[in-house]
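Novice: my questions concern the predicted model and sequence given below.
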Amino acid sequence: MILDCDPGHDDALALLLAVGDPRVRLLGVTTVAGNQTLDKTTRNALKVLALAGVGGELPVAAGCDRPLVGQLVVAEDIHGASGLDGPELELPVGPVATVHAVELMRRLITGSPEPVTLVATGPLTNVALLLRCHPEVLPRVRRVVFMGGSTERGNTTPYGEFNVVTDPEAADIVLRSGLPTTMIGLNVTHRALATTEIIGEFRSMGTRLGAICADLMTFFAGTYRREFGFEHPPVHDPIAVAAVINPAVVETFAAPVSVELGGTHTRGATVVDLHGRTGRAPNADVAVSLDVQAFWRLLMTAVRALGAASTQPARR
Ligand code: RIB
Ligand code: CA
């Protein structure tokens, strides 16, 4: 697996699940501008990997600092000025690769003895550029699994979800690629809520990592409550990783998905044809339901294991 992300509180949990579940062979991490600017999302990815106890152990490369077309609009209202506000996270981090994320992806895919699953939890800018700049890697990509879009309404515009709205052209390129693709949209991620009980379970792990996850989710809960009126925050991104580890975590439906590129009011909307009205061939397996308990079991098990392995007891 290669995880392309824009940490981001929920991206942080996706990283921890990818590192902490033994069934995942995480080849590398790439970062993209989205929730925050590229320098911040990259620094945050390094911090999370260091917290997971694997700092410097796998390659991390920074990618695109803006969408293919248009300007970057970060989600500072949700993730804060650092992109990972909440706990104090000053700690030594590993290095960033000197190559661009697209080049790291190309090298990792080309060098892998088996096809690679690309998981994207931010705007799809890096993934789209990989597919356009290096079409020769397509046969070695097992599947693209992305958190983005929605079969229903959006979160950034009435019908646009943040990752796709940030870079609609990139999402369009990925969905037209012909690669096996899984879309994990808001229609299922809004069911994975970091409730008080979940935050309490992080805290009760008795590890520094568990405490930091609790603090991250507490901050995330505050911004989601203020900006969206949610009682608890939805952790969108780790579901994309969970769906790779155990595909039964989500139920999917093969459907044609189009990205609105020109709509005055709907640019960035994912138009999911669930009832065959367009006559178009399906181009994505669209998540339509989530096994919430199974998802949380996967994530909590991974975080608990990482926290214990890091042998750093919680700061009292
Ligand atoms: O719309 C939610 C998505 O946008 C998540 O990936 C979140 O981290 C932001 O990137
Ligand atoms: Ca994200």
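Specialist: Sure, I can see it. Residues are numbered from 1 along each chain as shown. Ligands and ions are numbered 1, 2, ... in the order given.
Novice: could you pull up phi and psi at the residue of the stretch 51-200 of the chain found nearest ligand 1?
Specialist: Going by Cβ to the nearest ligand atom, ligand 1 is nearest to Phe162 of the stretch 51-200 of the chain, at 3.5 Å. Just so you know, the C-beta spots here come from the backbone N, C-alpha and C atoms, and that holds for glycine as well. According to degrees, to the nearest 10, the main-chain angles of Phe162 amount to phi -50, psi -50.
Novice: likewise for Thr30?
Specialist: The phi/psi pair for Thr30 (degrees, to the nearest 10) is phi -120, psi 150.
Novice: name the nearest residue to it, ignoring sequence neighbours.
Specialist: Distance criterion Cβ to Cβ, 6 or more residues apart in numbering; nearest residue to Thr30, sequence neighbours excluded, is Ala101 at 3.5 Å.
Novice: what about Val145, which helix or strand?
Specialist: Assigned by DSSP states H and E, Val145 falls within strand 141-147.
Novice: so what strands line up beside that strand?
Specialist: strand 116-120 (parallel), strand 181-184 (parallel) (DSSP bridges).
Novice: CA-only coordinates of that strand in CSV, if you can.
Specialist: Only the C-alpha atoms of strand 141-147 are listed here, as CSV (Å, rounded to 0.1, in the frame of the first residue of the first chain):
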residue,chain,number,x,y,z
VAL,A,141,-1.6,-0.7,-9.6
ARG,A,142,-4.0,-3.2,-7.9
ARG,A,143,-6.7,-0.7,-7.0
VAL,A,144,-7.2,3.0,-6.1
VAL,A,145,-9.2,3.4,-2.9
PHE,A,146,-10.0,7.1,-2.2
MET,A,147,-11.8,8.9,0.5
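Novice: show residues contacting that strand.
Specialist: 14, 109, 114-121, 124, 127, 163, 171, 174, 177, 179-185, 189, 236-237, 239-240, 243-244 (Cβ atoms under 8 Å, 6 or more residues apart in numbering).
Novice: continuing past that strand, what's the next helix or strand?
Specialist: Per DSSP H and E, the helix or strand that comes after strand 141-147 is helix 162-166.
Novice: average pLDDT for that following helix?
Specialist: Helix 162-166 shows a mean pLDDT of 98.
Novice: distance between that helix and the chain's centre?
Specialist: From the chain centre to the centre of helix 162-166 is a distance of 12 Å (Cα atoms, centre = their mean, to the nearest Å).
Novice: and stretch 70-82, by the same measure?
Specialist: Per Cα atoms, centre = their mean, the centroid offset for stretch 70-82 relative to its chain is 15 Å.
Novice: in it, what's buried?
Specialist: For stretch 70-82, the neighbour count (16 or more other Cβ atoms under 10 Å) marks Leu72, Val74, Ala75, Glu76, Ile78, His79, Gly80 as buried.
Novice: and stretch 116-132, by the same measure?
Specialist: 116-131.
Novice: give me the mean pLDDT for that stretch.
Specialist: 99.
Novice: again with stretch 83-94
Specialist: 92.
Novice: can you flag which of the buried residues of stretch 70-82 belong to strands?
Specialist: Nothing among these maps onto strands, per DSSP state E.
Novice: C-terminal to the helix of greatest length in the chain, what's the next element?
Specialist: In the chain, with assignment by DSSP state H, the single longest helix is helix 208-228. Reading on from helix 208-228 to the C-terminus, the next helix or strand found by DSSP H and E is helix 238-245.
Novice: for the spatially closest residue to Ala52 that is not a sequence neighbour, give me its contacts.
Specialist: Leaving out its chain neighbours, the residue that sits closest to Ala52 by Cβ to Cβ, 6+ apart is Val19, at 4.6 Å. Contact analysis of Val19 by Cβ under 8 Å, 6+ apart lists Leu26, Leu49, Ala52, Val54, Ala302, Leu306.
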